[in-house]
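Q: make a model of this:
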Amino acid sequence: MKFTKTLSLAAAALALSLGSAVAEDALKLKIGTEGAYPPFNNATADGKLEGFDIDIANALCAEMKAECEFVVQDWDGIIPALQAKKFDAIIASMSITAERKEKVDFTHKYYNTPPAFAVAKTSTIAGITPADLKGKSIGAQGSTVHHNYLEATFKESEIKSYPTAQEYQLDLANGRVDAVNDDISVLEGWLKTPEGACCKLLGAVTPIAEIHGEGAGIAVRKGETALADKFNAAIDAIRANGKYKVINDKYFTFDVYGG
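A: Numbers count the residues shown, from 1 in each chain. Presented below is the predicted three-dimensional model:
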């Protein structure tokens with residue numbers, strides 16, 4: 001009897017030990033995001049993070065059985081913060097571009113939507129070509145592919161750079177800028193709000209691969225291919241098991257994954 005009891009206690013101790021080892025080996029990640037780019041990532045008044053990026057990140061972490069913690073970081077410092085190991089990955093609608101690939105490694109895309117222009121409803125601007133916007137002021141968030149596109153293409157327009165999307169939106173609403181350029185989903189989401197009632201979508205842009213990149217991906221530090229591979233497998237899994245579609249349909253009326 002004592003022998004059996006001793007074996008049972010030993011088995012329990014071993015199970016507890018193994019359980020502790022498994023817990024200690026659980027993948028723990030810090031995810032960097034901006035928290036100021038609705039509907040993809042945004043911080044509510046009480047500091048809670050929400051949006052497509054946030055839901056996708058949570059789904060990927062669940063798929064990888066990883067314990068994830070979000071870290072909010074201003075956009076213009078988000079890559080340096082990753083390099084400084086403030087967090088392990090960036091999930092913040094970051095476009096995969098050749099320039100950024102020199103600084104970080106990327107997963108494959110987890111969505112790809114086109115850019116677009118918005119103007120005031122009272123605007124007389126008729127189109128989205130450089131000729132249509134000659135002499136006009138155009139706003140975009142700085143350090144983005146949209147700002148780079150404007151700088152490269154609209155040589156005879158005044159390009160205004162803003163720290164966040166909300167700031168260019170406020171200037172457009174108040175007539176301090178003639179047009180703005182951003183992801184079409186961001187603009188459409190804003191136009192549906194009371195703050196965006198001032199304005200309208202002028203037209204979508206055909207992406208230029210050299211500028212706009214290959215879609216939005218997850219950035220990791222250079223050389224951390226094993227982590228990128230884990231994220232890639234998780235992206236493929238939630239696309240296959242329907243979790244991606246559930247999140248997609250929560251925010252959009254079309255498949256943002258793109259072709």
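
Q: show me where pLDDT drops low in this protein?
A: For the chain, the stretches with pLDDT under 70 are 1-24.

Q: which residues in it form helices?
A: Counting by DSSP state H, one finds helices in the chain at the ranges 2-25, 52-63, 78-83, 98-101, 145-153, 165-173, 184-191, 209-212, 225-241, 243-251.

Q: against which helices or strands is the third one packed?
A: Here helix 78-83 touches strand 27-33, strand 89-95, strand 104-106, strand 216-221, going by 3 or more C-beta pairs under 8 Å, 6 or more residues apart in numbering; DSSP states H and E. From N, CA and C alone the C-beta is placed, and that goes for glycine too.

Q: redo the ones you listed as CSV? Include distance to residue 201 and mean neighbour count.
A: Below are the helices and strands packed on helix 78-83 laid out as CSV (distance: least, C-beta to C-beta, whole Å; neighbours: other C-beta atoms under 10 Å):
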stretch, distance to residue 201, mean neighbour count
strand 27-33, 26, 19
strand 89-95, 19, 26
strand 104-106, 29, 21
strand 216-221, 20, 26
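
Q: of these, which is nearest residue 120?
A: Of all those, strand 89-95 sits nearest to residue 120, with 25.2 Å by C-beta to C-beta.

Q: sheet partners, orientation included, of the closest one?
A: Next to strand 89-95 in the sheet, as set by DSSP bridges, lie strand 27-33 (parallel), strand 216-221 (antiparallel).

Q: in TSV: those, plus distance to residue 197.
A: Listed next are the strands paired with strand 89-95 as TSV, based on distance: least, C-beta to C-beta, whole Å:
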stretch	distance to residue 197
strand 27-33	28
strand 216-221	28
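
Q: quick one: closest of the ones you listed to residue 122.
A: Nearest of these (C-beta to C-beta): strand 216-221, 32.7 Å.

Q: got the angle between the closest one and helix 145-153?
A: Computed by axes from the mean of the first three to the mean of the last three C-alpha atoms, to 10 degrees, the angle separating strand 216-221 from helix 145-153 equals 100 degrees.

Q: what does strand 216-221 rub up against?
A: 60, 79, 82-83, 85, 88-91, 93-96, 100, 104-112, 227-228, 231 (C-beta atoms under 8 Å, 6 or more residues apart in numbering).

Q: now that strand: how far from the chain's centre is it?
A: Its chain's average C-alpha position is 9 Å from that of strand 216-221, according to C-alpha atoms, centre = their mean, to the nearest Å.
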